[in-house]
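Q: Turn this into a structure:
(chains A, B, C and D)
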4 protein chains.
Amino acid sequence: MTVSLATFRDEIDALRDVGALFYENRWSLGTSSNYSIVLKHEPFQLLLTASGKDKRRLGPTDFVLVDSQGKPLETTTEKPSAETALHLVLGQQREVRSVLHTHSVWGTILSDLYAAAGGFWIEGYEMLKGLAGIGTHEHRQWVAIFPNTQDIPALAGTVRQRLSDRDNPLRHGFLIQRHGLYTWGRDVHEARRHVEIYEFLFEVLGRRLSIPLKQPI
Amino acid sequence: MTVSLATFRDEIDALRDVGALFYENRWSLGTSSNYSIVLKHEPFQLLLTASGKDKRRLGPTDFVLVDSQGKPLETTTEKPSAETALHLVLGQQREVRSVLHTHSVWGTILSDLYAAAGGFWIEGYEMLKGLAGIGTHEHRQWVAIFPNTQDIPALAGTVRQRLSDRDNPLRHGFLIQRHGLYTWGRDVHEARRHVEIYEFLFEVLGRRLSIPLKQPI
Amino acid sequence: MTVSLATFRDEIDALRDVGALFYENRWSLGTSSNYSIVLKHEPFQLLLTASGKDKRRLGPTDFVLVDSQGKPLETTTEKPSAETALHLVLGQQREVRSVLHTHSVWGTILSDLYAAAGGFWIEGYEMLKGLAGIGTHEHRQWVAIFPNTQDIPALAGTVRQRLSDRDNPLRHGFLIQRHGLYTWGRDVHEARRHVEIYEFLFEVLGRRLSIPLKQPI
Amino acid sequence: MTVSLATFRDEIDALRDVGALFYENRWSLGTSSNYSIVLKHEPFQLLLTASGKDKRRLGPTDFVLVDSQGKPLETTTEKPSAETALHLVLGQQREVRSVLHTHSVWGTILSDLYAAAGGFWIEGYEMLKGLAGIGTHEHRQWVAIFPNTQDIPALAGTVRQRLSDRDNPLRHGFLIQRHGLYTWGRDVHEARRHVEIYEFLFEVLGRRLSIPLKQPI
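A: Numbering: from 1, shown residues only, chains lettered A, B, ... in the order given. This next block holds a predicted model:
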């Protein structure tokens, strides 16, 4: 049985809408970012933005369908994103149906400021309740930061290990230094909500750091 | 006599419009925020956004109708917002017809910087005249900040008390620490104007604090 | 011969468009701001936004027509803006056909920082060439700041005097402390361009002040 | 054979779209900026925004067609931009088909802060890969800054020299002090991508400088 982009019009439209929104929010400028939806887990099928597309106005054919190894499931002239391996690792988590990767100004700045520490805590904000499974603002979220690399399979291996780390598993999302945010969710709505929550909190932390007051007033 | 969402299409459309606007202004990202309109004071009936809805595109059924105790007035699968108790206390003020709650970056930052002081003054700005009943910029507005809590009924009790405090009554709005703004008005237009006024002034104060000058030049 | 709003549909539409644009740019939040177009100089007739209107979606009747004394030229339930006197003084300059008043965050902050100095210089920016009659970036523009007051006729008197000051005439626009910007032009397009030029430059100066570097790098 | 604007409707529409987008992004306020598309290299024909047009809503006739000397190729009442000479020098590079010039707040600030140094480095950011030919974030991009001048032909001469400088050729774009960004590309899409990449990175650098931390945390 063959698969074809034409079959997944709703999923494609959902990602086109995400693209237009994130472009407008300046989280996906300059053809950066890539987005995916898991179509099936068994056998694994992923719908993914093709490489180098303008997110402002994604066209209906600016996507590829790939299997669990990242191989195209149909004949296409489009290239999968260079970061396909990360989408595969994140999308193969059982409860995940969408992976969104963005490039924002505040995420980039924080990913650099806290790179040496390997990440930073976000604590005590009501908005944390927008992350799936967090029921109170009395929560401390670690935002891990990985060094940037062009060796995406190696990074994907590290991420895979950290997802199943018993003591300190990656949850909801992470940053790559001077690069951007990866987050995921049960569906594209939840993944988008996670982007919005992280970006809001990154902006709060970044603007707070811009105020030259060590202590509250 | 039964009530039904279908009866209140204009009110629903007004709140849907508020949602799209506040989402775009980044005051209601990540399904945060909730909005209400008082339909009647006697007996009390409130139209309120249902829990966890995306404010970018609120649907016509993303609302609940509740009575003075927060109990749904019609059969629904939607849950009232966790913060219903605050909408009830604020909406039950005689002259109030709408309550709007938002989550902004600058509001979050100021709510944290001034939390220990219990609030902060805004003084001398022309924009203060946008708050109902303020006729001159020569006015000093206290913005109270309450500690955040997941015990909303308790917070609602505190707010109720402060609304009728003879010496220092809450007026127009207040902040919850690391959480957001509550404001209200005679109708949804006035409540929205209050959001805009507060958010403008929060941004002025926050950006001013970001300039490392203790004194004017 | 009577005048009626219905006669001036193009001018009204031009100001409605300005309102939607300035609201979106956050220069006219919370029903702040007012805009006018001079319809005739002899006898003087001014089209002016009515008091307290939401600039996001100005309606076709959210305007008043006034004479050189600010008296309505037709029967209306709308009130002229409290700041009509400033529009009259500015609009009665021979070459002026439009006056725009806005409330921006950066304008508010600068109007406060430099109030004691009575204003500030903007110098050497290419964008200064967007002010009518300025042909080179090698120009120094003084932005006068007046103390805020609710006595608009008194302020209008001061402004009238400064417009005809031989040594140091007001040109293009001025700020009122903690209040906002007034600017004007030969037509509504030029006046809007002046708003954009000033707001751009205010943002440049305000953000530059936010960088804790006394000297260039 | 005559040429006429009517022949180049697609190219005109592409630049009108750029104008609306850049205006909205606040990179082309106040009739600033100019954009061009190379129609042919032999003989050289350039489509260029006419002088002083509002970029928010460029009309189909707000353009001029010029030859390699900047002379109009058809009878027109429009004036070519004062900066035509720069578009000619940049557009005459063999592989270039579009030149975009913008005025942004962060570009203006950085162009001033680093003017004495003649430019600044951008290094290690993933977004650098959005510049044509850059395949890794492990790249160091020099952003040259030229002093502003009203003598555009002289500046164009300097730029021409620097484009063919063997040791340190200008690549992708440059800034003019207190003025704005010039960038170019193989087509208008690539040139626009370069604007977005530069503006993103300028904002990252500018906001990073606004955080009073010399070292990462």
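Q: Would you mind listing what in chain A touches chain D?
A: Counting by CB under 8 Å from any CB of the partner chain, chain A comes close to chain D at A:26, A:29-32, A:54, A:56, A:103, A:105-106, A:108-109, A:112-117, A:120, A:148, A:150, A:176, A:178-180, A:206, A:209-210, A:212. C-beta coordinates here come from the backbone N, C-alpha and C atoms, glycine included.
Q: Narrow those to those that are buried.
A: Among the residues of chain A next to chain D, the ones that count as buried by 16 or more other CB atoms under 10 Å in any protein chain shown are A:26, A:29-32, A:54, A:56, A:103, A:105-106, A:108-109, A:112-115, A:120, A:148, A:176, A:178-180, A:206, A:209-210, A:212.
Q: Can you tell me which of those end up in helices?
A: Residues of those located in helices (DSSP state H): A:105-106, A:108-109, A:112-113, A:206, A:209-210.
Q: filter those residues down to the ones close to chain B.
A: Residues of those in contact with chain B (CB under 8 Å from any CB): residue A:210.
Q: And the ones in helices among the buried ones among the residues of chain A next to chain D, which is closest to residue C:197?
A: residue A:105 (25.0 Å; CB to CB).
Q: Can you show me the strands along chain A?
A: Applying DSSP state E to chain A gives strands spanning A:34-41, A:44-49, A:63-66, A:98-102, A:119-123, A:140-146, A:173-176, A:180-185.
Q: Just checking: what are the partner strands of the longest one?
A: Put plainly, it is strand A:34-41. According to DSSP bridges, strand A:34-41 forms sheet pairs with strand A:44-49 (antiparallel), strand A:98-102 (antiparallel).
Q: List the buried residues of the first one.
A: What that stands for is strand A:44-49. In strand A:44-49, the ones that count as buried by 16+ other CB under 10 Å are A:45-49.
Q: With pLDDT added, can I get the residues you listed in CSV?
A: Below are these laid out as CSV (pLDDT from 0 to 100):
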residue, pLDDT
A:45, 97
A:46, 97
A:47, 97
A:48, 97
A:49, 97
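Q: Most widely separated two among those?
A: It's A:45 and A:49 that sit farthest apart of those, by CB to CB, at 15.2 Å.
Q: residues contacting residue A:205?
A: If you count contacts by CB atoms under 8 Å, 6 or more residues apart in numbering or on different chains, residue A:205 has them with A:106, A:110, A:120, A:122.
Q: what's the closest of those to chain C?
A: residue A:106 (15.1 Å; CB to the nearest CB).
Q: In contact with that closest one, which residues are there?
A: When contacts are counted by CB under 8 Å, 6+ apart, residue A:106 is found next to A:199, A:202-203, A:205-206, D:207.
Q: cutoff 7 Å now
A: By CB atoms under 7 Å, 6 or more residues apart in numbering or on different chains, the contact set of residue A:106 is A:199, A:202-203, A:206.
Q: Would you mind measuring from it to residue D:105?
A: Separation of residue A:106 from residue D:105 (CB to CB, to the nearest Å): 17 Å.
Q: for residue A:175, same thing?
A: 26 Å.
Q: Check residue A:179 too.
A: Taking CB to CB, one finds residue A:179 at 24 Å from residue D:105.
Q: now do residue A:122
A: On the measure of CB to CB, residue A:122 and residue D:105 end up 28 Å apart.
Q: Name all residues that make contact with the closest residue to residue A:52 other than its chain neighbours.
A: Excluding the flanking residues, the one nearest residue A:52 by CB to CB, 6 or more residues apart in numbering or on different chains is residue A:31, at 5.2 Å. By CB under 7 Å, 6+ apart, the contact set of residue A:31 is A:52-55, D:130, D:193.
Q: and of the residues you listed, the nearest to residue B:141?
A: residue A:55 (41.6 Å).
Q: Contact partners for that closest one?
A: Contact analysis of residue A:55 by CB under 7 Å, 6+ apart lists A:19, A:22-23, A:28, A:31, A:33.
Q: how does it look with 10 Å?
A: A:15-16, A:18-24, A:27-35, A:49, A:62, A:102 (CB atoms under 10 Å, 6 or more residues apart in numbering or on different chains).
Q: Wait, residue A:131 touches residue B:32, no?
A: No - the criterion here is CB atoms under 10 Å, and residue A:131 misses it with residue B:32 at 11.9 Å.
Q: which of the strands of chain A sits most buried?
A: strand A:98-102 (a mean of 28; mean count of other CB atoms under 10 Å in any protein chain shown).
Q: Report how many residues lie close to residue A:19.
A: Here the count is done by other CB atoms under 10 Å in any protein chain shown, and residue A:19 has 22 residues near it.
Q: picking that back up, quick one: the strands paired with strand A:34-41 as JSON lines, columns for distance to residue C:11 too.
A: Listed next are the strands paired with strand A:34-41 as JSON lines, based on distance: least, CB to CB, whole Å:
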{"stretch": "strand A:44-49", "distance to residue C:11": "47"}
{"stretch": "strand A:98-102", "distance to residue C:11": "44"}
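Q: What sits closest to residue A:188 if chain neighbours are left out?
A: Nearest non-adjacent residue to residue A:188 (CB to CB, 6+ apart): residue A:98, at 4.1 Å.
Q: so the one you found sits right up against residue A:91, yeah?
A: Yes - between residue A:98 and residue A:91 there is a contact at 7.8 Å, judged by CB under 10 Å.
Q: Pull up the overlap in contacts between those two.
A: A:36-38, A:46-47, A:184.
Q: Farthest-apart pair in those residues, please.
A: The widest separation within the shared contacts of residue A:98 and residue A:91 (CB to CB) is 14.2 Å, between A:47 and A:184.
Q: what about residue A:59, how many neighbours?
A: 11.
Q: Now do the same contact list for it.
A: So residue A:59 contacts A:12, A:16, A:50, A:53 (CB under 10 Å, 6+ apart).
Q: What of residue A:156?
A: Residue A:156 touches A:70, A:83-90, counting by CB under 10 Å, 6+ apart.
Q: Out of those residues, which one has the weakest pLDDT?
A: Among the contacts of residue A:156, residue A:83 carries the weakest pLDDT, at 93.
Q: Quick check: chain neighbours aside, which residue is closest to that residue?
A: residue A:152 (5.4 Å).
Q: Residue A:84 is in contact with the one you found, correct?
A: Yes - using CB under 10 Å, residue A:152 is in contact with residue A:84, at 7.6 Å.
Q: which one of those two has more residues nearby?
A: The residue with more neighbours, out of residue A:152 and residue A:84, is residue A:84; 24 against 17, by other CB under 10 Å.
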